[in-house]
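Asker: Could you work out the structure for the sequence below:
(one chain, ligands or ions: 1)
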Amino acid sequence: MIKPRPAIENLKKYRPPQEGRGGKMRLDFNENTVGCPPQVIRALRRALNPEMMTRYPEYDEGRRTLAAYFCVKPEEMVLANGTDDAIKMVCDTFVDPGHALLVPAPTFPVYEFFHNVAGGKTLRIRYDERFRLPAHDFVATLKKERVRWVALANPNNPTGTQIPKSALKSILLAAPQTVVLVDEAYQDFSGQTILPWIRRYPNLIVTRTFSKAFGLAALRMGCLFANPQLIEPLQRGQNPFAVNSLALMCACIAIRYDENVRKYTQTIRANRVGLCRWLDAHDIPYVPSSANFVLTRVGERAPEIARLLREKKILVRDWSYDPHLKGYLRFTVGSQAQTRRLMSELERLKHLIQTPNGARAWKNMVVYSSAGWFA
Ligand SMILES: Cc1ncc(COP(=O)(O)O)c(C=O)c1O
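Answerer: Sure thing, here's the model as predicted:
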């Protein structure tokens with residue numbers, strides 16, 4: 001029996017996305033629920049030919065095009081096979097066994113996953129009861145502990161909450177020798193970015209993806225941005241052909257039609273307001289979101305509600321496996337028709353949903369409603 005590295009031996013199995021999602025209403029992975037710009041599909045069909053398939057990818061022109069779109073220099077950017085690959089790149093470059101990662105909890109689990117693969121240990125600081133990032137605790141930990149890198153999703157998944165710029169600034173300044181990765185996967189929905197700060201903070205890495213608003217999750221295309229001094233080692237250790245030619249070509253076409261993406265994000269924001277109004281009207285608490293999803297507290301029967309929705313071919317994400325998010329479902333916001341369908345199915349399941357006034361489980365909980373946060 002050939003043994004793997006200890007880090008792999010100790011690794012808990014990653015829970016892969018569910019299979020068999022085709023043909024269902026996918027409100028579970030925060031994807032674009034409508035489709036990528038049709039021009040991308042047309043260009044892809046035109047580009048496909050046997051000769052192009054035989055060639056290894058060439059990156060220079062695509063990198064220049066994407067850099068111009070994001071208003072950075074090519075040397076301030078690395079192409080990645082999705083944000084997941086960018087996260088792995090950070091671990092490959094900076095993490096040795098025993099190094100510490102600092103993350104908020106709950107957050108996107110892939111930071112910790114690749115950090116564990118590298119043999120690192122993780123320090124977690126919980127969001128407070130109103131799902132605000134305790135920035136002071138981050139700063140205090142960074143001053144006290146040796147932390148190799150910090151990962152912050154902004155907006156955060158699964159809460160949808162934004163981290164104020166002042167908090168990001170204090171974290172970046174607290175430990176200049178600590179790499180701070182700010183994952184802006186949902187930036188297109190929030191409108192807030194700190195991408196230009198890569199010129200101000202030498203320890204900052206920002207990531208963006210084409211998987212969400214742009215609707216290209218299947219292709220796996222992301223970008224990592226930082227100061228050239230930080231980019232250089234990341235690039236040195238990178239898989240030389242991590243990004244495939246078609247993904248890069250499609251990203252370059254998608255940005256030409258980013259008007260489609262703007263319209264899509266506007267629609268999603270409007271539908272998010274609609275969904276939240278409906279939740280308010282039904283006294284169902286949720287976390288106010290800046291992303292394309294809403295974390296909603298439906299109570300102890302959350303797994304059953306998710307299952308019944310699945311029977312109706314609506315997929316939602318059940319976060320009950322996290323001990324601090326028992327009773328929470330995360331709904332991706334889709335088109336108006338999709339959102340209406342979700343609301344009408346939830347209406348049908350209303351008898352299973354626990355509202356703050358109706359359930360003992362809600363005693364002493366801080367929850368959100370149209371009137372704001374209350375205990
Ligand atoms: C915060 C966050 N970052 C990154 C990703 C994954 O991005 P990609 O598809 O580019 O790997 C997700 C996907 O759900 C996410 O929620």
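Asker: Buried ones in the host helix or strand of residue 139, by neighbour count?
Answerer: Following DSSP states H and E, one finds residue 139 within helix 135-144. Residues of helix 135-144 classed as buried by neighbour count (16 or more other Cβ atoms under 10 Å): 135, 138, 139, 141, 142. All C-beta spots, glycine's among them, are computed from the backbone N, C-alpha and C.
Asker: The following helix or strand past it pairs with which strands?
Answerer: Sequence-wise, the next helix or strand downstream of helix 135-144 (DSSP H and E) is strand 149-153. Partners of strand 149-153 in the sheet, by DSSP bridges, are strand 100-105 (parallel), strand 179-183 (parallel).
Asker: Same list, those, but as TSV with mean neighbour count, distance to the ligand and mean pLDDT please.
Answerer: Formatted as TSV, the strands paired with strand 149-153 follow (neighbours: other Cβ atoms under 10 Å; distance: least, Cβ to the nearest ligand atom, whole Å; pLDDT from 0 to 100):
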stretch	mean neighbour count	distance to the ligand	mean pLDDT
strand 100-105	21	11	98
strand 179-183	25	5	98
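Asker: Could you save the ones you listed as TSV and add columns showing distance to residue 33?
Answerer: Shown next, in TSV, are the strands paired with strand 149-153 (distance: least, Cβ to Cβ, whole Å):
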stretch	distance to residue 33
strand 100-105	27
strand 179-183	21
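Asker: Break the chain into its domains for me.
Answerer: Domain assignment for the chain by automatic domain parsing gives 14-30+260-358, 38-257.
Asker: Close to the ligand: what parts of the stretch 201-350 of the chain are there?
Answerer: By Cβ under 6 Å from any ligand atom, the part of the stretch 201-350 of the chain that sits against the ligand consists of 209, 211, 217, 222.
Asker: and those residues as JSON lines, adding distance to residue 328 and neighbour count?
Answerer: Shown next, in JSON lines, are those (distance: Cβ to Cβ, whole Å; neighbours: other Cβ atoms under 10 Å):
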{"residue": "209", "distance to residue 328": "24", "neighbour count": "25"}
{"residue": "211", "distance to residue 328": "23", "neighbour count": "22"}
{"residue": "217", "distance to residue 328": "23", "neighbour count": "17"}
{"residue": "222", "distance to residue 328": "27", "neighbour count": "25"}
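Asker: Which single one of these is nearest to residue 203?
Answerer: Closest approach to residue 203 among those (Cβ to Cβ): residue 222, at 20.1 Å.
Asker: Pretty sure that closest one sits against residue 206.
Answerer: No: at 11.0 Å, residue 222 does not count as touching residue 206 under the criterion of Cβ atoms under 8 Å.
Asker: Could I get the full set of strands for the stretch 201-350 of the chain?
Answerer: In the stretch 201-350 of the chain, the segments counted as strands under DSSP state E, counting those that start in this stretch are 204-209, 222-226, 293-297, 314-318, 328-332.
Asker: Tell me where the model's unsure across the stretch 1-150 of the chain.
Answerer: In the predicted model of the stretch 1-150 of the chain, residues 15-17 satisfy pLDDT under 70.
Asker: and the residue of it nearest the ligand?
Answerer: Distances between the stretch 1-150 of the chain and the ligand by Cβ to the nearest ligand atom are smallest at residue 82, namely 3.0 Å.
Asker: Was I right to think that residue contacts residue 209?
Answerer: Yes: contact criterion Cβ under 8 Å: residue 82 and residue 209 qualify, at 6.4 Å.
Asker: Quick one: closest of the domains of the chain to residue 4.
Answerer: When these are compared by Cβ to Cβ, domain 38-257 sits nearest residue 4, at 10.4 Å.
Asker: Lovely, talk soon.
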